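In: model the structure of this input:
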Amino acid sequence: MDTIASLFSFITYPVSWVIVQFHKLYGAIFGDDTGWAWGLSIVSLVVLIRICLIPLFVKQIKSTRNMQVLQPKMKAIQERYKSDKQRQSEEMMKLYKETGTNPLSSCLPILAQSPFFFALYHVLSAIASGKTIGVINQPLLDSARQAHIFGAPLAAKFTDSASEVAALGASLTDVRVVTAVMIVMMSASQFFTQRQLMTKNVDLTVKTPYMQQQKMLMYIFPLIFAVMGINFPVGVLVYWLTTNVWTMGQQMYVINQNPTPGSKAQDHYLGRLLKSVTAHGEVRGRTKRNTVKRIVSKGADRNDIERKFITGLAKLGLVAQADGTVTKSDIAVAEAEGGAAQKRQQPKRQTKAKRQTGAVQQGAAKDSDSAASTESAETKTSLQKQDAPQDDKPKPAGKPASGSSRQAKSGQRRGPQRPKHPSKK
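Out: I've put the predicted structure just below:
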């Protein structure tokens, strides 16, 4: 670690100068030799560096989202050119160029603050060794060596021996307890930061190996920090714990205000936005208007969460415009109500007693209809018989009239007659 830190010795002067300037400010409040003055100076150094790295953090967010969107295409290229690694690399670079994605952008904040991290490590190592460095002269060196944070000197490490810790005016137990607590907090903050990224701000509709890699990093990174943390001085642990907390808060703000499309965070964000529009009747804030503007510009490419938001506006009688505002529309209400009316209504299930009663009533109705139809048919037949004309002229005996079988006499059975028995003639 000392060898790596020495490579960044060129930046130790500006880092030590920034720390000394903040020490003058906090020393006037808490005292020059206190751990609060030196500890808050390191915290302020972190805040200053992270503010300067905000543009890189924005690029990191955009790059991470673009990588998530490109995962299906990247997987298709890998499958297509499985046997040709050179062509595979060329197609990957072509895809990155067309979409304006830089895979290294996701690492920019870490790479950018690495020189400051190692420079601070180099400064604290020099303080532990009793050497002046940068703008830290002998009086400032003596003051820094006397500064303790909860009983642990800024330059002490978990792996230091009892004699090395005693030379800094502290006990080995205090140093190890403080460093152990800080290492656990540092690893926990790293784990929570990665976990909220994976559980809230990932597009759930895209299942790619990239997500599996991120899940692995969620467990690997805290272990790496825990192993490396035992070799960090207390001042470096303060630095790294502060930057982890800053990253966690910064990421939480981004997730709440600018979530990844298709993620749970977007569902929660658009739900809050819909409630705000319901309460005020308009979209308040430039950031919210830009969000609505992006959703409108997508058109048919909206995801389910964004379509749900547009439908919610329609139920309120509002239509999202291309500039991010909303306007009232009666057509939207009619369409929303019409769509709800067209939904299939499932009838309620009847009890067994009601079903049996209904069957009996239906059978009775059928019987009454049948009886009525029979009675109507008989009435019609009798009327036809009464209205039929009677021929007064007798028919010749040898020639039966046509249709005699259909015009039988009253009281005589229709059709051919069975001859009477001889005994009855």
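In: can you list the low-confidence ranges for the stretch 151-300 of the chain?
Out: 203-214 (pLDDT under 70).
In: show me where it has strands.
Out: In the stretch 151-300 of the chain, strands defined by DSSP state E, counting those that start in this stretch lie at 152-153, listed in chain order.
In: now the helices for it?
Out: Using DSSP state H, counting those that start in this stretch, the helices found in the stretch 151-300 of the chain span residues 162-167, 172-200, 209-229, 234-257, 264-280, 286-298.
In: specify the angle between the third one and helix 234-257 in degrees.
Out: Counting by axes from the mean of the first three to the mean of the last three C-alpha atoms, to 10 degrees, helix 209-229 lies at 160 degrees to helix 234-257.
In: elements contacting helix 209-229?
Out: If you count contacts as 3 or more C-beta pairs under 8 Å, 6 or more residues apart in numbering; DSSP states H and E, helix 209-229 packs onto helix 54-80, helix 172-200, helix 234-257. Where C-beta positions appear, they are placed from N, C-alpha and C, glycine not excepted.
In: which of those sits most buried?
Out: Mean neighbour count (mean count of other C-beta atoms under 10 Å) peaks for helix 234-257 among the helices and strands packed on helix 209-229, with a mean of 20.
In: counting by contacts, list what that helix packs against.
Out: helix 35-52, helix 108-129, helix 172-200, helix 209-229, helix 264-280.
In: can I get the ones you listed in TSV with distance to residue 18?
Out: Shown next, in TSV, are those (distance: least, C-beta to C-beta, whole Å):
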stretch	distance to residue 18
helix 35-52	5
helix 108-129	9
helix 172-200	22
helix 209-229	24
helix 264-280	35
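In: quick one: closest of the ones you listed to residue 22.
Out: Nearest of the helices and strands packed on helix 234-257 to residue 22, taken as C-beta to C-beta: helix 35-52 at 3.9 Å.
In: the helices and strands packed on helix 209-229: which one's closest to residue 145?
Out: Using C-beta to C-beta, the helices and strands packed on helix 209-229 put helix 234-257 closest to residue 145, at 11.5 Å.
In: show me the contacts for residue 147.
Out: 33, 34, 35, 37, 38, 39, 153, 154 (C-beta atoms under 8 Å, 6 or more residues apart in numbering).
In: for it, give me the pLDDT.
Out: Looking at residue 147, its pLDDT reads 88.
In: distance of it from residue 10?
Out: According to C-beta to C-beta, to the nearest Å, residue 147 stands 26 Å off from residue 10.
In: may I ask you to confirm that residue 319 belongs to a helix?
Out: No: Residue 319 sits outside any helix when classified using DSSP: H, G, I helix; E, B strand; the rest coil, being strand.
In: contacts only, for the closest residue to it other than its chain neighbours.
Out: Once flanking residues are discounted, residue 319 sits nearest to residue 329: 4.6 Å by C-beta to C-beta, 6 or more residues apart in numbering. Contact analysis of residue 329 by C-beta under 8 Å, 6+ apart lists 317, 318, 319.
In: would you mind measuring from the first one to residue 327?
Out: Which is residue 317. 10 Å.
In: ok, these two, which is more surrounded?
Out: A count of neighbours by other C-beta atoms under 10 Å puts residue 317 above the other of residue 317 and residue 327, at 17 against 11.
In: rewinding a little: closest to residue 67 out of the helices of the stretch 151-300 of the chain?
Out: helix 209-229 (6.5 Å).
In: report the angle between the axes of that closest one and helix 172-200?
Out: Using the same axes, to 10 degrees: helix 209-229 against helix 172-200 is 170 degrees.
In: taking their axis directions, helix 209-229 and helix 54-80 sit at what angle?
Out: Going by the same axes, to 10 degrees, helix 209-229 makes 130 degrees with helix 54-80.
In: measure how far helix 209-229 is from the centre of its chain, please.
Out: On the basis of C-alpha atoms, centre = their mean, to the nearest Å, helix 209-229 sits 21 Å off its chain's mean C-alpha point.
In: how much space between residue 249 and residue 227?
Out: 25 Å.
In: likewise for residue 219?
Out: Taken as C-beta to C-beta, the span from residue 219 to residue 227 is 13 Å.
In: repeat that for residue 252.
Out: 27 Å.
In: just residue 321 next, same as before
Out: For residue 321, the distance to residue 227 - C-beta to C-beta - is 54 Å.
In: who's more crowded, those two?
Out: residue 321 (14 against 11).
In: wait, that one sits on residue 296?
Out: Yes: counting by C-beta atoms under 8 Å, residue 296 is a contact partner of residue 321 at 6.9 Å.
In: burial count for the closest residue to residue 302 other than its chain neighbours?
Out: Leaving aside its sequence neighbours, residue 302 sits nearest to residue 295 (C-beta to C-beta, 6+ apart; 6.3 Å). Using other C-beta under 10 Å, residue 295 has 22 neighbouring residues.
In: can you check the one 4 residues further on too?
Out: Summarising burial for residue 299: neighbours were counted as other C-beta under 10 Å, giving 7.
In: who's in contact with it?
Out: Listed by C-beta under 8 Å, 6+ apart, residue 299 has no contact partners.
In: next up, phi/psi of the closest residue to residue 82 other than its chain neighbours, please.
Out: In space, and not counting its chain neighbours, residue 82 is closest to residue 88: 7.7 Å by C-beta to C-beta, 6+ apart. Dihedral pair for residue 88: phi -60, psi -40, per degrees, to the nearest 10.
In: same question for residue 148.
Out: Given degrees, to the nearest 10, the pair of backbone angles that residue 148 has is phi -130, psi 140.
In: how about the nearest residue to it, chain neighbours excluded?
Out: Per C-beta to C-beta, 6+ apart, closest to residue 148 is residue 35, 4.8 Å.
In: just residue 166 next, same as before
Out: residue 172 (7.9 Å).
In: so what's that neighbour up against?
Out: Applying C-beta under 8 Å, 6+ apart, the residues contacting residue 172 are 160, 161, 162, 165, 166.
In: give me the number of residues near the last one?
Out: Per other C-beta under 10 Å, the neighbour tally for residue 166 reads 12.
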